[in-house]
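> Let me see the structure of the following:
(chains A and B)
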There are 2 protein chains.
Amino acid sequence: MHLDHAACSRQSTAVLDAVAQHARHEAELGGYVAEQAADGLLQQGRSVLAGLVGMAAADVAFTESASASVRTLVSRWRLAPGARVGVLPGEYWQNVAAFTDAGLTPVVLPADALGRADLAGVERALRDDPPAFVHLTLVASHRGVVQPGREVAALCRAAGVPLVLDVAQAVGHVDCDLGADAAYGTSRKWLAGPRGVGFLVLRPAVGTRLTPLVGPELYDDRPAVDHARWYESHDAHVAGRIGLVVAVGEHLAAGPHRVRERLAALGRATRERLDGRGGWRVAEPLDEPTAITTLRPPADVDVRQVAARLRAEHSLLTTAAGRERAPRELSGPVLRVSPHLDSTLEQLDVLATALAP
Amino acid sequence: MHLDHAACSRQSTAVLDAVAQHARHEAELGGYVAEQAADGLLQQGRSVLAGLVGMAAADVAFTESASASVRTLVSRWRLAPGARVGVLPGEYWQNVAAFTDAGLTPVVLPADALGRADLAGVERALRDDPPAFVHLTLVASHRGVVQPGREVAALCRAAGVPLVLDVAQAVGHVDCDLGADAAYGTSRKWLAGPRGVGFLVLRPAVGTRLTPLVGPELYDDRPAVDHARWYESHDAHVAGRIGLVVAVGEHLAAGPHRVRERLAALGRATRERLDGRGGWRVAEPLDEPTAITTLRPPADVDVRQVAARLRAEHSLLTTAAGRERAPRELSGPVLRVSPHLDSTLEQLDVLATALAP
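Residues are numbered from 1 along each chain as shown, chains lettered A, B, ... in the order given. Here you go, the predicted model:
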């Protein structure tokens, strides 16, 4: 029983088939010929992905992962050494590592006890001492709280500070069309696409501030391509990109609004069943509109051991999320439960019983 | 007719099936559980890949591509700003871009008219003014010449200068077990594995000079893993890594020595058929032991148009390699012909006729 979609979702048969079929085409036609033949489909996928974050197909680069995307973004952005990036206290550790590695200085924006952006405080910070850009992880991997992305985007726009959204846990899960200047995410979580595929979406105004590792000036014969394509990788899991396009198509067919409502209902059902059970406490508000629930353990309970026991004895897949994911926000590991559309209330009942019989 | 294996090889049915099967496992068991279940197979693959470059399983990191590998290597290596890296005149442009982007200064080592390392000159350069490391692309993408890797490795060892080998075009094609300190390559060329998978292999002595983006000190609970694993990507095309392991297994089963001999014979057969044909000139010595042949066009012939015509009219897949690949060495585009074990002499005859009826 897979209650771990925030880690890696289950691909549909149609997605698996599309990936396998493209791989066969690569063997039959040659890798680059097959990619060229799939160009229209890939461009359609860029268009739909862009739409999910309110941008255009020309703004989309396929990458290998969300982490590859953020590393590309911050390493290619022409910023002064030590330039400051505004983040919330619960910012994902690997993003913080990417920022400091790129010579940036993360500065912490105010948030409430739950880790949600304090809008008045953010407004003040943007006015008094604006960072080079704000980076907001719309839904965290260690806590199923949705940040007020639209409101933060409006504050950033008013302050003239670009907003970058990490939508790795948010796309296909909550609304991500919020007016950000750049956004990036991954295929394998709520969109239920293949592993090893991610995306980076940049408005042209951000694009002009980036320098590609290999740009048109290095070409003998300069190709004319959309601005974001300079950040797209070439030796890539193209079959997986095709799979992501199919997965995004399935997401549209299911109706993004209906998907969000169902996921929010699953989150509420999870929290209602689990909060207080055997001393475990849910971190999120019970009606937070996400399908990610995180549980703080009772005293002296080892979360990793519990996750291992749930898997071994009950075939229940969850995640023990370590404190390192957000050291400023977590005081210890939490148990993360993340059902998707294929999960059932019965599975949540089994989990509740397994957690505290 | 696929005569373009230096671009992207044709995966076998066994490789395609292994990739598709792992993707199904991901959907059935969960992505991370499936990866854990494949741990033994992946480690076996690391061991075999390591063996091909004379290192150990603990030295291997799976990556997304050769270019991801070299970027990781040079961006994580603690070198003084401006540190010099010794390269040959024909160094691959994207490698040079990765070096300069990492703040390194490429310095050109001496080579003969063909682009092959001038060993006496290299020895002098290493003695008089040793660079921080030497980077050698064992077989180039724009010319099917094998560099004297073993001899360069001995010179580097004597001078105390680390040697990094780019084996993207060499692994599965020529001997790569030459005594280098680091090596990296890709799955999709001569090993005939999936796209979107690469590898980086580091001796422990090199490993100690690198700092991972996210290392053990950032973990709440420090995991004990092999040194190279800190450079391995996590949100990855793991199914493709499984495919590469199967492809490497097939390479071993075919007998690396026999594969090399056959590829060298195909290269010779290609060059004998094509040199001088319709005014095209082969760049390599006819008996160079590789399967990559590059052809300089007759005056006023557009290589890209010829490659397009060969494909459209004769179903012959080749590559028009632009001058940008090696601007210090190429004076214009070349036509690259690269047969693999599944290519036939008849296909080469068809190409010869198509090139100049």
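
> Please count neighbours and contacts with C-alpha atoms only from this point.
OK.

> Close to chain B: what parts of the stretch 251-357 of chain A are there?
Within the stretch 251-357 of chain A, the positions adjacent to chain B are A:L317, A:G322, A:R323, A:E324 by C-alpha under 8 Å from any C-alpha of the partner chain.

> What of the stretch 101-250 of chain A?
A:101, A:194-197, A:213-214, A:218-221, A:235-238.

> Minimum pLDDT in those, which residue is that?
The lowest pLDDT within these belongs to A:D221, which sits at 81.

> on that earlier part again, for the residues of the stretch 251-357 of chain A next to chain B, which entry has the maximal number of neighbours?
Highest neighbour count within these, by other C-alpha atoms under 10 Å in any protein chain shown: A:L317, with 24 neighbours.

> Wait, a helix at A:L136?
No. Using DSSP: H, G, I helix; E, B strand; the rest coil, the assignment for A:L136 is strand, not a helix.

> List the buried residues for stretch A:291-308?
Using 16 or more other C-alpha atoms under 10 Å in any protein chain shown as the test for burial, stretch A:291-308 gives A:A291, A:I292, A:T293, A:T294, A:L295, A:R296, A:P297, A:V303, A:R304, A:V306, A:A307, A:A308.

> for stretch A:261-279, that is, sorry about that
A:261-271, A:273-277, A:279.

> Okay, and which of the residues you listed map to helices?
A:261-271, A:273-274 (DSSP state H).

> returning to that earlier point: which of the residues of the stretch 101-250 of chain A next to chain B sits closest to B:L3?
A:D235 (18.8 Å; C-alpha to C-alpha).

> and that closest one, which of the three is it?
Applying three-state DSSP: A:D235 is coil.

> where's it relative to A:E288, distance?
40 Å (C-alpha to C-alpha, to the nearest Å).

> What of A:A180?
Counting by C-alpha to C-alpha, the gap from A:A180 to A:E288 is 22 Å.

> higher neighbour count, the two?
A direct count of neighbours by other C-alpha under 10 Å for A:A180 and A:E288 places A:A180 higher, at 27 against 17.

> I'd guess that one is in a helix, am I close?
No. Assessed with three-state DSSP, A:A180 is coil; it does not lie in a helix.

> Now do the contacts for it.
A:V53, A:A153, A:P162, A:L163, A:V164, A:L165 (C-alpha atoms under 8 Å, 6 or more residues apart in numbering or on different chains).

> What's the separation between it and chain B?
Using C-alpha to the nearest C-alpha, to the nearest Å, one gets 24 Å for the distance from A:A180 to chain B.

> wait, what's in contact with A:D349?
Counting by C-alpha under 8 Å, 6+ apart, A:D349 touches A:R273.

> domains in chain A, as residue ranges please.
Per the record, chain A has its domains at A:13-254, A:256-355, by automatic domain parsing.

> Need the winner for burial among the ones you listed.
Sort the domains of chain A by mean neighbour count, taking mean count of other C-alpha atoms under 10 Å in any protein chain shown, and domain A:13-254 sits at the top with a mean of 21.

> tell me the strands in chain A, going along the chain?
Secondary structure of chain A (DSSP state E): strands at A:60-63, A:84-87, A:105-108, A:133-137, A:163-166, A:182-186, A:198-202, A:281-282, A:293-296, A:319-321, A:334-337.

> so what secondary structure elements neighbour the first one?
So the one you mean is strand A:60-63. Here strand A:60-63 touches helix A:39-52, strand A:198-202, going by 3 or more C-alpha pairs under 8 Å, 6 or more residues apart in numbering or on different chains; DSSP states H and E.

> Tell me which of those lies nearest to A:R71.
Nearest of the helices and strands packed on strand A:60-63 (C-alpha to C-alpha): strand A:198-202, 10.4 Å.

> partners of that closest one in the sheet?
Using DSSP bridges, the strands paired with strand A:198-202 are strand A:60-63 (antiparallel), strand A:182-186 (antiparallel).

> mean confidence score for that strand?
Summarised as a single mean, pLDDT over strand A:198-202 is 98.

> what's the answer for stretch A:282-300, then?
For stretch A:282-300, mean pLDDT rounds to 98.

> Show the end-to-end separation of it, please.
First-to-last residue span, stretch A:282-300, C-alpha to C-alpha: 17 Å.

> picking that back up, and the strands paired with strand A:198-202 as TSV, adding mean pLDDT and distance to B:E313?
Listed next are these as TSV, based on pLDDT from 0 to 100; distance: least, C-alpha to C-alpha, whole Å:
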stretch	mean pLDDT	distance to B:E313
strand A:60-63	98	32
strand A:182-186	98	40
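
> between the ones you listed, which gets nearest to A:T344?
Comparing those by C-alpha to C-alpha, strand A:182-186 comes nearest, at 24.5 Å.

> Let's see that closest one as CSV, backbone CA atoms only.
The C-alpha coordinates for strand A:182-186 follow below in CSV (Å, rounded to 0.1, in the frame of the first residue of the first chain):
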residue,chain,number,x,y,z
ALA,A,182,10.6,31.3,-12.4
ALA,A,183,9.4,27.8,-11.2
TYR,A,184,10.9,24.4,-11.2
GLY,A,185,9.8,20.9,-10.2
THR,A,186,10.0,17.2,-10.9
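
> Low-confidence stretches in the stretch 201-350 of chain A?
Of all residues in the stretch 201-350 of chain A, none has pLDDT under 70.

> cutoff 90 now
Across the stretch 201-350 of chain A, the ranges flagged by pLDDT under 90 are A:217, A:220-224, A:234-235.

> need the helices for it, in chain order.
Counting by DSSP state H, counting those that start in this stretch, the stretch 201-350 of chain A has helices at residues A:204-207, A:238-254, A:256-274, A:303-314, A:345-355.

> Render the CA-only coordinates of the last one in CSV, please.
What that stands for is helix A:345-355. Extracted C-alpha coordinates of helix A:345-355, given in CSV (Å, rounded to 0.1, in the frame of the first residue of the first chain):
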residue,chain,number,x,y,z
LEU,A,345,-9.7,5.3,2.9
GLU,A,346,-9.4,1.7,3.8
GLN,A,347,-5.6,2.0,3.4
LEU,A,348,-5.6,4.9,5.7
ASP,A,349,-7.6,2.8,8.2
VAL,A,350,-5.0,0.1,8.0
LEU,A,351,-2.3,2.6,8.6
ALA,A,352,-4.1,4.0,11.7
THR,A,353,-4.5,0.6,13.2
ALA,A,354,-0.9,-0.3,12.3
LEU,A,355,0.4,2.8,13.9
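
> Just the angle for that helix relative to helix A:256-274, thanks.
Angle of helix A:345-355 versus helix A:256-274, following axes from the mean of the first three to the mean of the last three C-alpha atoms, to 10 degrees, is 30 degrees.

> contacting residues for the closest residue to A:G332 other than its chain neighbours?
Using C-alpha to C-alpha, 6 or more residues apart in numbering or on different chains and skipping residues adjacent in sequence, the residue nearest A:G332 is A:R323, 4.9 Å away. By C-alpha under 8 Å, 6+ apart, the residues touching A:R323 are A:L330, A:S331, A:G332, A:P333, A:V334, B:D220.

> I'd like those residues as a markdown table, with distance to B:S75 appended.
Formatted as a markdown table, the contacts of A:R323 follow (distance: C-alpha to C-alpha, whole Å):
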| residue | distance to B:S75 |
| --- | --- |
| A:L330 | 30 |
| A:S331 | 32 |
| A:G332 | 32 |
| A:P333 | 31 |
| A:V334 | 33 |
| B:D220 | 25 |
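
> now for those, which pair is the farthest apart?
Spatial extent of the contacts of A:R323 (C-alpha to C-alpha) is set by the pair A:V334 and B:D220 at 12.7 Å.

> between these two, what contacts are shared?
A:G322, A:R323.

> Flag the shaky bits of the stretch 1-150 of chain A, pLDDT-wise.
By pLDDT under 90, the weakly predicted segments of the stretch 1-150 of chain A are A:1.

> just to revisit the earlier point, what is the most widely separated pair among the contacts of A:A180?
Farthest pair in the contacts of A:A180, by C-alpha to C-alpha: A:V53 and A:P162, 14.8 Å.
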